[in-house]
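> Mind folding the following:
(one chain, ligands or ions: 1)
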Amino acid sequence: MKFADRLATVGPYLFFDLDQKAAAARARGVDVINLGIGDPDLPTPGAIVDAMVEGARDPATHRYPDYQGALRFREAVAHFYQRRFGVALDPRQEVLGLIGSKEGISHLTWAAAGPGDVVLVPEPSYPVYAVQARLAGATVFSLPLTAGQGFLPNLAAVPDPVWRRAKLLWINYPNNPTGAVADRAFLADAVDRCRAHDVLLASDQAYSEIGYDGYRAPSVLEVPGAKEVAVEFFSLSKPYRMTGWRLGAAVGRADAIHALSLVKTNTDSGQFTAIQLAGVRALEPDQDQAIQAAVGVYQRRRDLAVSALRAAGFDAAAPRATFYLWVPTPPGLSARDTAALVLDRTGVVLTPGSAYGESGEGYVRLSLTAPDDRIQEACGRIAAMRLV
Ligand code: MLT
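Next up is the predicted model:
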């Protein structure tokens, strides 16, 4: 059978592909160290697990969950936004529960854009923004992120005819994969431009809680008037080490939340209610210290990896946020060649920067989500290759 033409616009999901390469190496007996995907190795805090277990024992959670997310969960998200960012949200109109941000990112794209429309996508970036735009039949207009511009898109360079066809602009700070951060002035400029061109601003806020040396990332919704323009995706995956639980929320602009909800509720159901109750527990103020403890661990790993890579001759910069190092490849080696060579010779999985877009060429991404001794071991193996 010939499947739908739109399938020709996508390849295997990046991390599915990397997992298969890692599994093949393991099958050959290689001691694989996976610094590819950003999947925290630290366990979910015990209080959150306990809340899920308690919730699962209540038969009321065994029935279909609320389509838009349990009101208690949406209220917890609203309280968190008030406490953390000083942003007031109406939990009924401006918060939607998600089966992880990835689900919402996909469904928002289908709600916002279709054939004839443009989606403005930074690159390198989380592959889902561009892939879903293409699946929805929209045209992707790429916004290169380069070191020279602090890995911020040059919105002033987007031509007017492109703005006129644009429906959606993606931003993601703290940034995956580069580790860059954006200040309020950048966010305010993005809000202004989206307002001027009647474009929905979508902010992926997955890494907002992972900041180092006292850095606290702002929310785009802190910009006055942003709620008329922007939707933000908040994920419990990275701050609370809950990647496997699949829980997130979309917050902000009410008509966009409604549009996303229309696609979502016609496509899937809500997340298991016991998991949402665990999310309520996670968002209570006492869990802030669980986040800070993990951030301390990542900061220590960041410092040890950066100094080991620098000692080996790599030009590795220490990011202010996220748990990713964005490291220039050795001279003469492409991102894919570097990642393949490192996996082949050392068993260390890195993500080739070019997999996130063509401006990611010349970089590999290293995730700090493995124990300290494994990161140390991985850097030692890479150093022994004498690539630089
Ligand atoms: C990443 O490593 O880029 C992300 O963890 C992937 C994801 O969240 O799906």
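> Which elements pack onto the lowest-mean-pLDDT helix or strand in the chain?
Within the chain, confidence by mean pLDDT, DSSP states H and E is lowest for helix 14-27 among all helices and strands, at a mean of 91. Contacts of helix 14-27 with other secondary structure elements, assessed using 3 or more C-beta pairs under 8 Å, 6 or more residues apart in numbering; DSSP states H and E, are made with helix 335-346, strand 348-349. In this view, the C-beta of every residue, glycine as well, is placed from N, C-alpha and C.
> which other residues reach the shortest one?
Pointing back at strand 348-349 there. With C-beta atoms under 8 Å, 6 or more residues apart in numbering as the test, strand 348-349 has contacts from 18, 21-22, 32-36, 339, 342-343, 378, 381-382.
> can you confirm residue 364 is in a helix?
No. For residue 364, which was evaluated using DSSP: H, G, I helix; E, B strand; the rest coil, the result is strand, with no helix membership.
> The residue lying farthest from the centre of the chain and residue 90: what is the separation?
Largest separation from the mean C-alpha position in the chain: residue 1, at 34.8 Å (C-alpha atoms, centre = their mean). When C-beta to C-beta, to the nearest Å is applied, the distance between residue 1 and residue 90 equals 47 Å.
> List the buried residues for whichever helix or strand residue 310 is part of?
Using DSSP states H and E, residue 310 falls within helix 288-311. Of the residues in helix 288-311, those with enough neighbours to count as buried (16 or more other C-beta atoms under 10 Å) are 290-291, 294-295, 297-299, 301-302, 304-306, 308-309.
> that older thread, out of the contacts of strand 348-349, which two sit at the greatest distance?
Of all pairs drawn from those, the one with the longest distance (C-beta to C-beta) is 18 and 381, at 17.5 Å.
> higher neighbour count, the two?
Set side by side, residue 18 and residue 381 give different neighbour counts by other C-beta atoms under 10 Å, the larger being at residue 18 (21 against 16).
> Name the nearest of the contacts of strand 348-349 relative to residue 313.
Nearest to residue 313 among the contacts of strand 348-349 is residue 382, at 10.3 Å by C-beta to C-beta.
> Go ahead and confirm the closest one touches residue 312.
Yes. Applying C-beta atoms under 8 Å as the test, residue 382 and residue 312 come out as touching, 6.5 Å apart.
> which of these two has more neighbours?
Comparing residue 382 with residue 312 by other C-beta under 10 Å, the one with more neighbours is residue 382, at 28 against 17.
> how near is the more buried one to the ligand?
Here the criterion is C-beta to the nearest ligand atom, to the nearest Å. By it, residue 382 lies 19 Å from the ligand.
> which residues of the stretch 51-200 of the chain fall in strands?
For the stretch 51-200 of the chain, applying DSSP state E, counting those that start in this stretch gives strands covering 95-98, 118-123, 139-144, 166-171, 200-204.
> Can you say which of the ones you listed is nearest to residue 212?
strand 200-204 (19.5 Å).
> Report whether that closest one contacts the ligand.
No. For strand 200-204, no contact with the ligand is found by C-beta under 6 Å from any ligand atom; the gap never falls below 9.7 Å.
> what's in contact with that strand?
The contact list for strand 200-204, computed with C-beta under 8 Å, 6+ apart, reads 101, 105, 108, 112, 126, 129, 167-173, 176, 187, 190-191, 194, 219-220, 226, 229-233, 253, 256.
> The ligand next: which of those residues are close?
Contacts with the ligand within the contacts of strand 200-204, as defined by C-beta under 6 Å from any ligand atom: 126, 176.
> Stretch 274-285: how far from the chain's middle?
Taking C-alpha atoms, centre = their mean, to the nearest Å, one finds the center of stretch 274-285 at 20 Å from the center of the full chain.
> Now it: buried residues?
274-283.
> same deal with stretch 330-342?
Across stretch 330-342, burial judged by 16+ other C-beta under 10 Å covers 330, 333, 335, 338-339, 341-342.
> got it, and stretch 364-381?
Of the residues in stretch 364-381, those buried under the neighbour-count criterion (16+ other C-beta under 10 Å) are 364-370, 374-375, 377-379, 381.
> Kindly report the same for stretch 247-265.
Applying a neighbour-count criterion of 16+ other C-beta under 10 Å, the buried positions in stretch 247-265 are 247-254, 256-257, 259-261, 263-264.
> Closest one of those to residue 388?
For residue 388, the nearest member of the buried residues of stretch 247-265 is residue 248. The distance, counting by C-beta to C-beta, is 38.4 Å.
> Phi and psi next, for the closest one.
The phi/psi pair for residue 248 (degrees, to the nearest 10) reads phi -160, psi -170.
> Compute the distance between it and residue 315, please.
Taken as C-beta to C-beta, the spacing of residue 248 relative to residue 315 amounts to 34 Å.
> what residues are up against the residue of the stretch 1-150 of the chain found nearest the ligand?
Distances between the stretch 1-150 of the chain and the ligand by C-beta to the nearest ligand atom are smallest at residue 38, namely 3.4 Å. Taking C-beta under 8 Å, 6+ apart, we find residue 38 in contact with 176, 238, 322-324, 367, 369.
> make it 6 Å
367, 369 (C-beta atoms under 6 Å, 6 or more residues apart in numbering).
> same deal with residue 42?
Contact criterion C-beta under 6 Å, 6+ apart gives 241, 294 as the residues in contact with residue 42.
> Who is the closest residue to residue 339 other than its chain neighbours paired with across the strands?
What sits nearest to residue 339 in space, not counting adjacent residues and going by C-beta to C-beta, 6 or more residues apart in numbering, is residue 352, at 4.2 Å. Residue 352 forms beta bridges with residue 364, as assigned by DSSP bridges.
> Please determine how far residue 352 is located from the ligand.
In this structure, residue 352 and the ligand are 12 Å apart, going by C-beta to the nearest ligand atom.
> what do you get for residue 257?
Separation of residue 257 from the ligand (C-beta to the nearest ligand atom) stands at 22 Å.
> And residue 224, by the same measure?
30 Å.
> ok, and that residue, which helix or strand is that part of?
Residue 224 belongs to no helix or strand, assigned by DSSP H and E.
> Near it, how many residues? Count them for me, please.
When neighbours are defined as other C-beta under 10 Å, residue 224 has 9 of them.
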